[in-house]
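J.: after the sequence you'll find the predicted model.
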Amino acid sequence: MNNQLSAADIAYLRIRDLIMERHFASGERLKEEELAELVGASRTPVREALARLQNEGLITIHKNRGAVVSEHGEESAREIFELRTMVEPYVARHAAIRRDDDVVLALSRLAEEMEMLERGDSDSVARMAQLNSQFHELVARAAGLPRTFEIVNGLVSTMLVLRTFASYDHGAWDRSLRHHREILDAIRLQDPDWAETAMRTHIRAGASEYFRGKRSTRASTDGFGGS
């Protein structure tokens, strides 16, 4: 099997890293010629990379304006986290009430795979974000509340999740994994109060890390250094 990355794969990974590391601001326009120079590729693989990034929700391609980094200003991010804090504990409660062996097994496998990931590179961050989304989606599906599931799906933003994980240090990474285990245990033991509390704590912790990361980036940009 050929494991060599194509030019489009390399462009995709490099541009994704730049976005996750906040090299580009939310809402900033991405020019193909500048990206090609940054990542050392021609415009064709860059164009292919941008299409992939749009599918993941990291950028939006407009007809007249071209590609721009998906916007999540501080107020928008705060609103999303607050809504998730209200809705996701509710679905976790109902997932515990309806406890299903297949769901417990699937959540356990996701938790194990996340725990096996080594923190430190952008690929692990992207994979963690993907597994995290699957975990939250499965909890929402397990609640058996179709309308609420659609609401949860609309609130879980790829960009927000990626940038939240990108700001995690080892302590925050480990804490998030412990929260997943606690949510899983609460559902497995059919304890709706515990499941609700664990999910609320998990989302609030993620929000705190996200805004801490934004403050550090802002301070560094202003010349005061990050923490």
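T.: Noted; the coordinates are in hand.
J.: for the longest helix belonging to the chain, packing partners?
T.: The longest helix of the chain (DSSP state H) is helix 192-221. The contact analysis (3 or more CB pairs under 8 Å, 6 or more residues apart in numbering; DSSP states H and E) places helix 192-221 against helix 74-97, helix 158-166, helix 170-188. The C-beta positions use only the backbone N, C-alpha and C, and glycine is treated the same way.
J.: which one of these lies closest to Val139?
T.: Nearest to Val139, of all the helices and strands packed on helix 192-221, is helix 74-97, at 5.1 Å by CB to CB.
J.: what sits against the residue nearest the centre of the chain?
T.: The C-alpha lying nearest the average C-alpha coordinate of the chain belongs to Val161 (CA atoms, centre = their mean; 2.0 Å). Residues in contact with Val161 (CB atoms under 8 Å, 6 or more residues apart in numbering) are Ala129, Asn132, Ser133.
J.: where does this structure dip in pLDDT?
T.: Low-confidence segments of the chain, defined by pLDDT under 70: 1-3, 21, 72-73, 118-123, 157-159, 162-163, 213-227.
J.: kindly recompute the last result at 90.
T.: 1-6, 9, 12-28, 52-66, 69-80, 117-134, 150-173, 209-227 (pLDDT under 90).
J.: walk me through the domains of it.
T.: Following automatic domain parsing, the chain resolves into domains at 7-69, 74-221.
J.: looking at it, Ser42 is touching Leu35, isn't it?
T.: No: Ser42 is beyond contact range of Leu35, at 10.7 Å (criterion: CB atoms under 8 Å).
J.: so for those two, which sits in the more crowded spot?
T.: Leu35 (22 against 12; other CB atoms under 10 Å).
J.: what sits against the more buried one?
T.: Ala11, Ile15, Val46, Leu50.
J.: how many other residues sit next to Gly171?
T.: Counted with other CB under 10 Å, the neighbours of Gly171 add up to 9.
J.: from Leu155, how far off is it?
T.: 26 Å (CB to CB, to the nearest Å).
J.: check Tyr90 too.
T.: 12 Å.
J.: kindly report the same for Asp169.
T.: 25 Å.
J.: now swap in Glu71 and tell me
T.: Relative to Leu155, and taking CB to CB, Glu71 is found at 16 Å.
J.: spatially, what comes nearest to Arg99 if we skip its sequence neighbours?
T.: Gln190 (4.4 Å; CB to CB, 6 or more residues apart in numbering).
J.: list the contacts of that neighbour.
T.: So Gln190 contacts Ala96, Ile97, Arg99 (CB under 8 Å, 6+ apart).
J.: how many neighbours does the residue nearest to the first one when sequence neighbours are not counted have?
T.: Closest residue in space to Ala96, ignoring its immediate chain neighbours: Ala195 at 3.9 Å, by CB to CB, 6+ apart. Counted by other CB under 10 Å, the residues lying close to Ala195 total 29.
J.: so what's Ala195 up against?
T.: Counting by CB under 8 Å, 6+ apart, Ala195 has contacts Pro89, Ala92, Arg93, Ala95, Ala96, Ile183, Ala186, Ile187.
J.: need phi/psi at Glu56.
T.: Dihedral angles of Glu56 (phi, psi; degrees, to the nearest 10) stand at phi -90, psi 0.
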